[in-house]
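> no sequence on this one, just coordinates:
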């Protein structure tokens, strides 16, 4: 990488934009892993120095730190523009708050970045005694620039979100939400211009300041069949080879409503189908029947074990995903296929996929890898933490085989990667009368030893509109992100 000490008079567009919109002493890395350090007190410093590790960076910064007002480091991708464009933009999903006020990560981590956190108490005392300004901590993030860029390019101009996790640790490797916005319009010294930009963004019907990855819940559609499958397999009553009814139309009790398959006809030649084949084909009638057999408590408990209904922060607050507290038999059948009142964030559905790949263990998601003091000493380092167990290893192994079949020979084909075994599940979720369905894909790879789990949602079918299917619309986006891992 490179460590770049930029002078105030620099003409480099990236450095100029950075210096004009950030406090003195601010330290970040861009997608090329260059560290940019802006400090008016050292306006004469210039030049670029190669540095291969943190120690080299520390040696350089130690000579130019004394009057830094707020030194912090957000590692990995700090640019959200296309490759080659000299523009500085914070990654949309990282610079947002759940309530849409654009404060996100910086707001959630403000006590650390501003130096007010309890962990920095002794540093504040030392600074006071030596007459130095209070210095904040630095944050090292888990985001991988290539994956973040792949998520951005994959979504393109479509509304939606992408989340990628390390299944074994819970580290968030990519988190992107679209539409996005340029936070620099809010950082200008022209208060009138900043106010105009704020009003435009907060009144925009497309809600560009909303982080769809963690702050909006969607009906998960058929991706929720992974949760229903886990509930069936965990109890031991069913296996991947169990035969269950899969008629063309499932008549629901207590109502004239029915559930039909996305394709005409039954899911098997005799009206029955194996659990594996039902997931592979995304058979609605089979899973509606299965949900009623499992029961509301069984589905609710399994959803909760995956993280539904739980309060989480990464450190930004995450909107809780939900499975209904009360549901009648017809509603239960619809809930089992991810409709009715079931709703989930893209982060939650990435956690579902990750848990299957992690032998049934759900890991707590996190975005901050470590916190360092102004002297770059490690103050805190995130250790992977188990949120709980959604199913036993045997059930997870069978479900993994089922999800692998989905991509190998079922509805998830477009998410496949040559030479790599990918496990996944598609979803096409109805959400409003007369509107195209949301397109979903969740999955992990490699199936035998997962390194990445991904969830993609494209609102209202994206560019495909009413012709959208989860496999064809969201599947290729997941493929692109996995290939960048």
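The structure has been received and is ready for your questions. These numbers were taken from a predicted model, which means no experiment stands behind them.
> thought residue 212 was touching residue 163?
No - using C-beta atoms under 8 Å, residue 212 is not in contact with residue 163; the gap is 9.8 Å. C-beta coordinates here come from the backbone N, C-alpha and C atoms, glycine included.
> neighbour count winner among those two?
Neighbours per residue, other C-beta atoms under 10 Å: of residue 212 and residue 163, the larger number sits with residue 163, 32 against 26.
> do I have it right that the more buried one meets residue 172?
Yes - with contact defined as C-beta under 8 Å, residue 163 counts as touching residue 172 (6.9 Å).
> identify the contacts common to those two.
residue 347 (C-beta atoms under 8 Å, 6 or more residues apart in numbering).
> circling back to that earlier point, shared neighbours of residue 212 and residue 163, anything?
residue 346.
> list the contacts for residue 385?
170, 363-364, 366.
> need the contact partners of stretch 295-306.
Stretch 295-306 has contacts (C-beta under 8 Å, 6+ apart) with 227-228, 230-231, 234-235, 291, 309-310, 321, 323-327, 332, 335-336, 342, 348, 351-352, 355, 362, 388-391.
> which members of the residues you listed are classed as buried?
227-228, 230-231, 234, 291, 310, 321, 323-324, 327, 332, 335-336, 342, 348, 351-352, 355, 362, 389-391 (16 or more other C-beta atoms under 10 Å).
> if we can go back for a sec, narrow the contacts of stretch 295-306 to those in strands?
Among those, DSSP state E puts 362, 388-389 in strands.
> on that earlier part again, can I get the contacts of residue 385 in JSON lines including neighbour count, pLDDT and secondary structure?
Shown next, in JSON lines, are those (neighbours: other C-beta atoms under 10 Å; pLDDT from 0 to 100; DSSP: H, G, I helix; E, B strand; the rest coil):
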{"residue": "170", "neighbour count": "25", "pLDDT": "98", "secondary structure": "coil"}
{"residue": "363", "neighbour count": "23", "pLDDT": "98", "secondary structure": "strand"}
{"residue": "364", "neighbour count": "18", "pLDDT": "98", "secondary structure": "coil"}
{"residue": "366", "neighbour count": "22", "pLDDT": "95", "secondary structure": "strand"}
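> how about TSV for those residues, with distance to residue 195 added?
TSV is the format used below for the contacts of residue 385 (distance: C-beta to C-beta, whole Å):
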residue	distance to residue 195
170	39
363	42
364	39
366	35
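> and these, which two are furthest apart?
Based on C-beta to C-beta, the longest span within the contacts of residue 385 runs between 363 and 366 and measures 8.8 Å.
> list residues touching both of these two?
Common contacts of residue 363 and residue 366 (C-beta under 8 Å, 6+ apart): 170, 385.
> once you drop chain neighbours, what's closest to residue 172?
Using C-beta to C-beta, 6 or more residues apart in numbering and skipping the chain neighbours, the partner closest in space to residue 172 is residue 367 (4.9 Å).
> how far away is the one you found from residue 340?
31 Å (C-beta to C-beta, to the nearest Å).
> so who does the closest residue to residue 206 other than its chain neighbours touch?
Leaving aside its chain neighbours, residue 206 sits nearest to residue 179 (5.1 Å; criterion: C-beta to C-beta, 6+ apart). With contacts defined as C-beta under 8 Å, 6+ apart, the neighbours of residue 179 are 159, 206-208.
> go again using 10 Å as the cut-off
92, 155, 157-160, 204, 206-210, 212 (C-beta atoms under 10 Å, 6 or more residues apart in numbering).
> and if you look at residue 333?
Contacts of residue 333 (C-beta under 10 Å, 6+ apart): 250-253, 255, 257-259, 284-285, 287-293, 327, 339-340.
> and the residues you listed, which of them are buried?
Members of the contacts of residue 333 classed as buried by 16+ other C-beta under 10 Å are 250, 252, 259, 284-285, 287-293, 327, 339-340.
> tell me which of the residues you listed fall in helices.
The helices, defined by DSSP state H, take in 284-285, 287-293 from the buried ones among the contacts of residue 333.
> next, count neighbours for residue 241.
Counted with other C-beta under 10 Å, the neighbours of residue 241 add up to 10.
> go ahead and list the helix or strand containing the residue most central in space within the chain.
Ranked by distance to the mean C-alpha position of the chain (C-alpha atoms, centre = their mean), the top residue is residue 163 at 2.5 Å. Residue 163 is part of strand 160-165, with elements assigned from DSSP states H and E.
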